[in-house]
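Participant: Based on what follows, work out the 3D shape:
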Amino acid sequence: MTGRRTTANERVRRLLSVVPWIVARDGPRVDEVCERFGMTRAQLLDDLQIVFLVGLFPFTPDQLIDVVIEDDRVWIRLADYFAEPMRLTPDQGFQIVAAGAGLLSVPGSDPDGPLARAIAKLAAVLGVDADDVQIDLGEAEPLVLGSLRTAVADRRPVQLDYHTFGRDVRGVRVVEPHRLSARDGAWYLEGFCRSAGAPRVFRIDRIDSVEVLDEVLETPIHAGSTDPVAPYVPAADEPRIVLELDAEAAWVVEQYPVDAVEELGNGRRTVRLGVSGEAWLERLLLRLGPHGRLVEVEAPLDPMMASRAAERILRRYETSSSGD
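Facilitator: Just a heads-up that it's a prediction; the model follows:
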């Protein structure tokens with residue numbers, strides 16, 4: 001065992017695998033549980049102290065999970081509400097199947113145990129194959145992700161070679177890492193960026209390299225962390241543009257936060273949205289192609305920004321055509 005700290009998410013995932021495994025057996029030995037799930041004896045007993053507090057109001061014995069440890073063996077008896085049938089919508093059912101597939105990937109999980117059987121039954125009702133459910137947490141270099149996990153666990157700052165997507169620039173950042181998370185198919189690092197002097201969120205697939213520094217941070221590892229799941233919202237003082245979009249460009253409204261939408265009929269519309277940078281605007285216009293037109297540039301956006309972006313796009317097309 002290493003001295004790495006277990007995060008709250010890792011602990012919950014472990015418990016959701018350990019508990020049904022113990023429930024399905026008649027008092028397995030403590031050492032047997034520890035060996036199967038790669039835990040120390042202290043970790044298991046500490047986790048079980050949490051399990052017996054789980055329940056529903058009014059927290060009477062029949063509404064609490066019962067944990068018994070005798071003669072170095074452990075029994076877990078589930079509360080009565082676990083026996084009550086659940087009424088799920090299809091979306092809720094699929095979310096449970098997907099979450100269960102993730103839990104079954106935890107080392108020590110029983111692929112033929114009660115959790116696996118329950119997930120298989122639910123998947124059958126939904127008309128899907130549980131074995132075909134894949135949890136994709138996005139692209140990330142294993143070495144980069146591994147170094148960041150080490151830095152978070154050991155409370156060490158990191159030096160990142162990072163590509164800032166909005167400005168299309170690459171630079172070196174020194175970051176005090178707070179935590180790692182996954183959302184919408186991408187990995188993120190939360191931390192305090194010393195270069196910016198403020199909390200920041202970094203997409204890990206935009207990190208080219210990472211160096212874990214020798215310094216040990218005294219600040220608690222989650223202090224000052226940001227919320228990586230919060231959607232991007234343009235600041236009030238960020239520049240705005242107005243686009244006229246064809247029906248084929250409806251994805252803009254779904255993918256980007258917009259201030260206003262005006263329907264023009266036949267699927268066409270105008271949208272007003274913030275601009276995070278010149279490179280971002282260039283990529284957006286390039287993706288839109290003939291299905292989007294820039295109709296208004298609002299202060300304080302430089303009116304020539306759109307012209308420069310259009311010129312660079314044109315040069316790209318000319319370079320591509322000359323190479324054919």
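Participant: just checking, what packs against the helix or strand where Asp47 lies?
Facilitator: Using DSSP states H and E, Asp47 falls within helix 41-51. When contacts are defined as 3 or more C-beta pairs under 8 Å, 6 or more residues apart in numbering; DSSP states H and E, helix 41-51 packs onto helix 8-23, helix 30-37, strand 66-70, strand 73-77. Where you see a C-beta, it was placed from the backbone N, CA and C, and this is true even at glycine.
Participant: So for Asp259, which of those sits nearest?
Facilitator: helix 8-23 (34.7 Å; C-beta to C-beta).
Participant: tilt between that closest one and helix 30-37?
Facilitator: Angle of helix 8-23 versus helix 30-37, following axes from the mean of the first three to the mean of the last three C-alpha atoms, to 10 degrees, is 130 degrees.
Participant: Now helix 8-23: average pLDDT?
Facilitator: The average of the pLDDT scores along helix 8-23 is 79.
Participant: So for the strand or helix carrying Val271, what gets flagged as buried?
Facilitator: Taking DSSP H and E as the definition, Val271 sits inside strand 268-274. Of all the residues in strand 268-274, those buried under the rule 16 or more other C-beta atoms under 10 Å are 268-271, 273-274.
Participant: Can you lay out these as a markdown table showing distance to Ala186 and pLDDT?
Facilitator: As requested, those are exported to a markdown table (distance: C-beta to C-beta, whole Å; pLDDT from 0 to 100):
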| residue | distance to Ala186 | pLDDT |
| --- | --- | --- |
| Arg268 | 31 | 91 |
| Arg269 | 28 | 92 |
| Thr270 | 30 | 92 |
| Val271 | 24 | 91 |
| Leu273 | 21 | 86 |
| Gly274 | 21 | 83 |
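Participant: Quick one: neighbours of the nearest residue to Val125 once chain neighbours are set aside, just the number.
Facilitator: Take Val125 and drop its neighbours on the chain: the residue closest to it by C-beta to C-beta, 6 or more residues apart in numbering is Gly93, 7.1 Å away. Residues near Gly93, counting by other C-beta atoms under 10 Å, number 16.
Participant: same deal with Val242?
Facilitator: Counted by other C-beta under 10 Å, the residues lying close to Val242 total 17.
Participant: Likewise for Gly146?
Facilitator: Neighbour count of Gly146, defined by other C-beta under 10 Å: 12.
Participant: coming back round to it: let's have the buried residues of strand 268-274 in TSV, adding distance to Leu294.
Facilitator: Shown next, in TSV, are those (distance: C-beta to C-beta, whole Å):
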residue	distance to Leu294
Arg268	15
Arg269	14
Thr270	11
Val271	11
Leu273	11
Gly274	14
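Participant: just those residues now: which is nearest Ala236?
Facilitator: Proximity of the buried residues of strand 268-274 to Ala236 (C-beta to C-beta) peaks at Gly274, which lies at 9.1 Å.
Participant: Run a quick check on the closest one versus Arg240, I expect a contact.
Facilitator: Yes. Gly274 lies in contact with Arg240 (C-beta atoms under 8 Å); the separation is 5.7 Å.
Participant: just the helices in the stretch 101-250 of the chain please.
Facilitator: Taking DSSP state H, counting those that start in this stretch, the helices of the stretch 101-250 of the chain run over residues 114-126, 142-154.
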